[in-house]
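> Sharing a model that was predicted from the sequence below.
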Amino acid sequence: MEVVGQKREYLTIRIHHNDMTILLPSDNAAENGLRPVMDDKTLKKLLRLINAECSEMPKNWNRRFKHNRDKLKTGDVFEIAEVVRNLAVRETDKGLSTGEKQMFTKAKTNLASELQYALSMEDEEAEEHLDNLLAKSNGHKTAAAAG
């Protein structure tokens, strides 16, 4: 594509959950945080993390919110997965504040989109798959805590 008299190759990125299309010069892809779809090894590590025990979180909801927000800002898929897992457990055990519920929904959407591409699924299918993983994982933690 030619833009401002300069011919460059662009990547077309479609973000389905908010119906947005982005054109990104391919030579700037890495600088702008674009990375390849996760490989099988990374996917397995991510699934283990989702199934792991809930990590320590601040008791005060305000501090917990900031702690989780900071993790999400990194954009790291493992940090996002940790926040999703922890909030899923917290939601089941004690409930979430309104802000945490919104954060949980957005983080789940982001994580599901990662799974969507890694597992070659449609977006609704990936969201359902993630919900099932969280329910299964959370059920094991609840049963372990009760037993």
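Okay, I see it. Numbering: from 1, shown residues only.

> Reduced to three states, what does the residue nearest the centre of the chain come out as?
Centroid-nearest residue in the chain: residue 111, 2.3 Å away (criterion: CA atoms, centre = their mean). Under DSSP: H, G, I helix; E, B strand; the rest coil, the three-state class of residue 111 is helix.

> ok, now how distant is residue 117 from residue 66?
30 Å (CB to CB, to the nearest Å). All C-beta spots, glycine's among them, are computed from the backbone N, C-alpha and C.

> same deal with residue 133?
For residue 133 relative to residue 66 (CB to CB), the value is 26 Å.

> now residue 96
With CB to CB as the criterion, residue 96 and residue 66 are 15 Å apart.

> could you pull out the helices for this protein?
All helices of the chain, identified by DSSP state H, fall at 40-51, 61-73, 77-93, 98-118, 123-146.

> Now tell me what touches the second one from outside.
Right, the one you point to is helix 61-73. Helix 61-73 is contacted by residues 57-58, 79-80, 82-83, 86-87, 97, 99-100, 103, 106-107, 110 when judged by CB atoms under 8 Å, 6 or more residues apart in numbering.
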